[in-house]
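Trainee: Generate coordinates for the sequence data below:
(one chain, ligands or ions: 1)
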Amino acid sequence: MELQTQFESLKHTFEKTLKTTVDLAGLEALRVEFLGRKGKLATLMALLKDLSEEERRMVGTVANETKQAMEQAFDSALAAMKNENISSHAWFDVSEPIFPKESFGHIHPVTQIQQELEDLFTSMGFMVADGPELESDYYNFTALNIPPTHPARDMQDTFYIKGHPDQVMRTQTSPVQVRAMRKYRAPIRMIVPGRCFRNEATDARHEHTFYQLEGLVVDKDIHIGHMKGVLEEVAKHLYDGEANVRLLPKFYPFVEPGVRGEITCFLCRGTGCRVCKQSGWLEVLGAGMVHPSVLREGNVDPEQYQGFAFGFGLSRLAMLKYGVDDSRLMQSGDMKFLTQF
Ligand SMILES: [Zn+2]
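Mentor: Model prediction:
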């Protein structure tokens, strides 16, 4: 048979078989047999090189048209079959292994809290921002009113990078405050959830890696009442609408005044228990009015704008919510622990 006729005959056989193929597995077998690298079409194509130049030009055109037509026919048959499967659920693979439901895993308890808070804050008009975990010394400390000789640096010992004395693993999510002010300018309303690091001798209450959620609001006529309002909203959201917030003075170099925030103990509802050390309150956050020096580092004029900032320990919130008594469990990857949530 002439080569040209062989191409036409191949196309004919292919299209006929394609019409009688009823499932995806059959379609794949057909593709390998005809269109595969060592398939029938490739075998015929290989014969072209034995022809004279004139013949090759003529048959070559037919060969290319055949190839295109076969591939097109295959593609539309495949698309049609996939559509049919989706719309009618007529096809399923009985040989596919069934995995037990629990092996799909679920979201980590810290991430669950983070996503809950992201939903809440975006509903209040906050944007969710991000920043680098390997941070410059400047953004992590100096820009936040903690110059190189400041004693506050001692409380946040971290991991320094060999050969790069100006780079640190960030000890807090606060460096994103100045980054964001420079990038987005005032007014600003944002949260920054993220991972932080400290050089800790780890124990049940201290871990070298943990999660924070930072918040920053900068605008005109912002005062501490706005801050308390936002924090109360968060507490109510986290613990069924009944929690109260109280603010006590605390020193942080990047706010003035600074406060530590406590919420009603959700275990004893304020009557006193082991978790809250009989006080009825749990310390869950630090906050304050943004220090004018920090605003200036962010190129924001403190004469025109004020702001407040706050930071929640996400790992701590998750521990309190689920009654976990050892912070090291959160990072352990221990399935016996994680499958409880
Ligand atoms: Zn309590």
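
Trainee: if I look at the residue nearest the centre of the chain, how far off is residue 287?
Mentor: For the chain, the residue nearest the mean C-alpha position is residue 111 (9.1 Å; CA atoms, centre = their mean). Per CB to CB, to the nearest Å, residue 111 is found 23 Å from residue 287. Quick note: C-beta positions are derived from backbone N, CA and C, even for glycine.

Trainee: Which parts of the stretch 51-200 of the chain are strands?
Mentor: For the stretch 51-200 of the chain, applying DSSP state E, counting those that start in this stretch gives strands covering 127-128, 134-136, 160-161, 164-169, 188-197.

Trainee: which stretch among the ones you listed comes nearest the ion?
Mentor: For those, the distance to the ion is smallest for strand 188-197, at 26.2 Å, taking CB to the ion.

Trainee: circling back: dump the strands of the stretch 51-200 of the chain to JSON lines, plus mean neighbour count, mean pLDDT and distance to residue 328.
Mentor: Below are the strands of the stretch 51-200 of the chain laid out as JSON lines (neighbours: other CB atoms under 10 Å; pLDDT from 0 to 100; distance: least, CB to CB, whole Å):
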{"stretch": "strand 127-128", "mean neighbour count": "14", "mean pLDDT": "96", "distance to residue 328": "28"}
{"stretch": "strand 134-136", "mean neighbour count": "18", "mean pLDDT": "95", "distance to residue 328": "23"}
{"stretch": "strand 160-161", "mean neighbour count": "12", "mean pLDDT": "86", "distance to residue 328": "23"}
{"stretch": "strand 164-169", "mean neighbour count": "15", "mean pLDDT": "90", "distance to residue 328": "18"}
{"stretch": "strand 188-197", "mean neighbour count": "21", "mean pLDDT": "95", "distance to residue 328": "15"}
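
Trainee: Save those strands as CSV, and put in distance to residue 181 too.
Mentor: Putting the strands of the stretch 51-200 of the chain into CSV (distance: least, CB to CB, whole Å) gives the following:
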stretch, distance to residue 181
strand 127-128, 13
strand 134-136, 16
strand 160-161, 26
strand 164-169, 20
strand 188-197, 6
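
Trainee: okay if I get those as TSV plus distance to the ion?
Mentor: Shown next, in TSV, are the strands of the stretch 51-200 of the chain (distance: least, CB to the ion, whole Å):
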stretch	distance to the ion
strand 127-128	31
strand 134-136	36
strand 160-161	39
strand 164-169	34
strand 188-197	26
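
Trainee: What ranges in the stretch 1-150 of the chain fall below the confidence cut-off?
Mentor: 1, 85-91, 101-103 (pLDDT under 70).

Trainee: For the ion, what's its nearest residue on it.
Mentor: Closest to the ion within the stretch 1-150 of the chain is residue 113: 18.9 Å, counting by CB to the ion.

Trainee: show me what contacts that residue?
Mentor: By CB atoms under 8 Å, 6 or more residues apart in numbering, the contact set of residue 113 is 238, 314, 317, 318, 321.

Trainee: One more: residue 63?
Mentor: Residues near residue 63 by CB under 8 Å, 6+ apart: 7, 44, 45, 48.

Trainee: so which of these is the most crowded?
Mentor: residue 7 (23 neighbours; other CB atoms under 10 Å).

Trainee: Tabulate the CA atom coordinates of stretch 187-206 in CSV.
Mentor: This file holds the C-alpha atoms of stretch 187-206, laid out as CSV (Å, rounded to 0.1, in the frame of the first residue of the first chain):
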residue,chain,number,x,y,z
PRO,A,187,-4.4,56.2,57.3
ILE,A,188,-3.8,52.5,57.9
ARG,A,189,-5.8,49.6,59.5
MET,A,190,-4.1,46.3,59.3
ILE,A,191,-3.3,43.0,61.1
VAL,A,192,-0.1,40.9,60.6
PRO,A,193,-0.4,37.3,61.6
GLY,A,194,3.0,35.5,61.6
ARG,A,195,5.8,33.4,63.0
CYS,A,196,8.3,34.8,65.4
PHE,A,197,11.5,33.4,67.0
ARG,A,198,13.4,33.8,70.3
ASN,A,199,16.5,32.2,71.7
GLU,A,200,14.8,30.5,74.6
ALA,A,201,15.7,27.7,76.9
THR,A,202,12.4,25.9,76.1
ASP,A,203,10.0,24.8,78.8
ALA,A,204,6.3,24.4,79.1
ARG,A,205,5.8,28.2,78.9
HIS,A,206,8.6,29.1,76.5
